[in-house]
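Trainee: Structure of the sequence below:
(chains A, B, C and D)
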Protein chains: 2
Amino acid sequence: MAPGPIDKSQVPQATVPRLARYLRVLHRLEREGVPKVSSKELAERLDANAAQIRKDFSYFGEFGVRGVGYEVEYLIDQLSRCLGVSEKWKVIILGAGKLGSALARYRGFQEEGFELVGVFDSSQRVAGSDIDGVTVRPERELPEFLQENPVDIAILTVPGEVAQLVADKVIAGGVRGIVNFAPARLASVDGVFIRQVDLSTELMVVSFYLSKECSPR
Amino acid sequence: MAPGPIDKSQVPQATVPRLARYLRVLHRLEREGVPKVSSKELAERLDANAAQIRKDFSYFGEFGVRGVGYEVEYLIDQLSRCLGVSEKWKVIILGAGKLGSALARYRGFQEEGFELVGVFDSSQRVAGSDIDGVTVRPERELPEFLQENPVDIAILTVPGEVAQLVADKVIAGGVRGIVNFAPARLASVDGVFIRQVDLSTELMVVSFYLSKECSPR
DNA sequence: CAGTGTGAAGGGGTTCACAGCG
DNA sequence: CGCTGTGAACCCCTTCACACTG
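Mentor: Numbers count the residues shown, from 1 in each chain, chains lettered A, B, ... in the order given. Okay, the predicted model is just below:
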């Protein structure tokens, strides 16, 4: 692959979440003190296809040594850079309900370059309370907060009915990335990346494959 | 499409989660009192392609009336049956941590034919506590519980290190479907459907598309 | 004649197979 | 000689276009 900046539109969308998974396994290998790894070994750990892994890497550069494999630490550096997790991203959570506060307390996000700088909720009841050191603020303070504290990514865990409204507010406040857990499609906006996550569909997918058949009538 | 039982392997994997989303929009239309809908109208609500929707339906039967569209209630019945959510599925949650208890309290699951019959946790501290009427039990009671109460689906929200261990236990206990939120691939087992959900990758996907570029070195 | 149902075309992603290199 | 990097084949899925029908 040619050197120089990579055109992201050339990278298959399906590749991106896989890179994140590769990175997780690589971190584990690093902790285990494994210095190098082949695409075949990685594939076994992930039960994936070795060629797939090599091709995914190839969109970004040549990270391996032919006949040998990949140096774990070097590969982690490269993939982190490709995924953009070497940068420090400022994150806020909108909606301190069940899911929102669960995510706020989740360590995993913090570990990979994401810094939770605020939690907002419309309810007066939860406002002022504290989630692992981050204060829950009333949602009406959001515009002012965004003006004073530039935020990169917003996680939406609000009810579906207000999701679009809240999304509009964070976008107006300069947020460029949204992970939406609310069961509502958000209108797309130029320059803003929106990722939809549908937890409630997951059980139905399982239900589909479990149910014996689905004959008409 | 021919009548009679449908072969699930004929249905594209990508179609299944979409059916769940169609169903959600249809339920909203039902609540709004809309009696019928065309694939074009559905497509606008979902921002999807109308032909896609029609093709997805076509794997299961002919649900519409040419020149008219689809009757909302009838379509809901048909899609529910296809997805298997007309049946009542018994669900347990393994791991009453942040995410586990958030999911346990989540109403959405209950509404679509899924019945939460148990929550289990390895910690003595949480065992005995109560989440919206469901008692959290110590994990060692799991085998006995599964013997007395047949369970269809298990939701895994345990730490990654013990996920495989816990999965083995529920499979041994007769569970045939697993939704795994733990950041660990589970070994596949014949006759058991496993769905992997990776929350921690979602932020990285956003980070990828936000970061300006990823030039080598 | 409007909107469904669907064969066929098109595109994207995965897998193969092997050339290339350490 | 072994494993990477990658063009090409393959496969799955999406989209188009239109025949079909209430």
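Trainee: And the next helix or strand past the lengthiest helix in chain A?
Mentor: Longest helix in chain A by number of residues (criterion: DSSP state H): helix A:15-31. Moving toward the C-terminus from helix A:15-31, the next helix or strand (DSSP states H and E) is strand A:36-37.
Trainee: List the buried residues in the worst-scoring helix or strand of chain A on mean pLDDT.
Mentor: Lowest on mean pLDDT, DSSP states H and E among the helices and strands of chain A sits helix A:107-111, with a mean of 77. If you call a residue buried by 16 or more other C-beta atoms under 10 Å in any protein chain shown, then helix A:107-111 has these buried ones: A:F109. (Glycine included, C-beta is placed from N, CA and C.)
Trainee: That one - contacts with which helices or strands?
Mentor: Helices and strands touching helix A:107-111, by 3 or more C-beta pairs under 8 Å, 6 or more residues apart in numbering or on different chains; DSSP states H and E, are helix B:199-210.
Trainee: what mean pLDDT would you report for the helix it packs on?
Mentor: In this model, helix B:199-210 has an average pLDDT of 95.
Trainee: and that helix with helix A:15-31, angle?
Mentor: Per axes from the mean of the first three to the mean of the last three C-alpha atoms, to 10 degrees, the angle that helix B:199-210 makes with helix A:15-31 is 120 degrees.
Trainee: Could you see whether DNA strand C lies near helix B:199-210?
Mentor: No. Counting by C-beta under 7 Å from any atom of the strand, DNA strand C has no neighbours in helix B:199-210; the shortest distance is 12.7 Å.
Trainee: List of residues touching the strand or helix carrying A:D168?
Mentor: Secondary structure from DSSP H and E places A:D168 in helix A:160-172. Applying C-beta atoms under 8 Å, 6 or more residues apart in numbering or on different chains, the contact partners of helix A:160-172 are A:92, A:94-95, A:122, A:139, A:142-143, A:146, A:151, A:154, A:156, A:158, A:178, A:180, A:182-184, A:186-187, A:189, A:192, A:194.
Trainee: just the buried members of those?
Mentor: Neighbour-count burial (16+ other C-beta under 10 Å) applied to the contacts of helix A:160-172 gives A:92, A:94-95, A:122, A:139, A:142, A:146, A:151, A:154, A:156, A:158, A:178, A:180, A:182-184, A:186, A:192, A:194.
Trainee: Filter those residues down to the ones in helices?
Mentor: The helices, defined by DSSP H, take in A:L142, A:L146 from the buried ones among the contacts of helix A:160-172.
Trainee: Just to be sure, which of the buried ones among the contacts of helix A:160-172 are found in strands?
Mentor: Mapping the buried ones among the contacts of helix A:160-172 onto strands (DSSP state E) picks out A:I92, A:L94, A:A154, A:L156, A:I178, A:N180, A:I194.
Trainee: Identify the bridge partners of the third one.
Mentor: Beta-bridge partners recorded for A:A154 (DSSP bridges): A:I92, A:I178.
Trainee: so where's chain A uncertain?
Mentor: A:1-4, A:213-217 (pLDDT under 70).
Trainee: how does it divide into domains?
Mentor: With domains defined by automatic domain parsing, chain A comprises A:8-81, A:89-202.
Trainee: Which of the ones you listed sits closest to DNA strand D?
Mentor: domain A:8-81 (3.1 Å; C-beta to the nearest atom of the strand).
Trainee: Need the distance between the two termini of the closest one.
Mentor: 13 Å (C-alpha to C-alpha, to the nearest Å).
Trainee: That one close to chain B?
Mentor: Yes. Applying C-beta under 8 Å from any C-beta of the partner chain, one finds that domain A:8-81 is in contact with chain B at A:8, A:16-17, A:19-21, A:23-24, A:45-47, A:60-61, A:78, A:81.
Trainee: From the ones in strands among the buried ones among the contacts of helix A:160-172, pick the one nearest DNA strand C.
Mentor: So of these, ranked by how close each gets to DNA strand C (C-beta to the nearest atom of the strand), first place is A:I194, at 17.0 Å.
Trainee: and the gap between A:F181 and DNA strand C?
Mentor: Going from A:F181 to DNA strand C by C-beta to the nearest atom of the strand, to the nearest Å gives 23 Å.
Trainee: ah, wrong one, I meant A:T157
Mentor: 27 Å.
Trainee: count of neighbours near that residue?
Mentor: The number of residues packed near A:T157 is 26, by other C-beta atoms under 10 Å in any protein chain shown.
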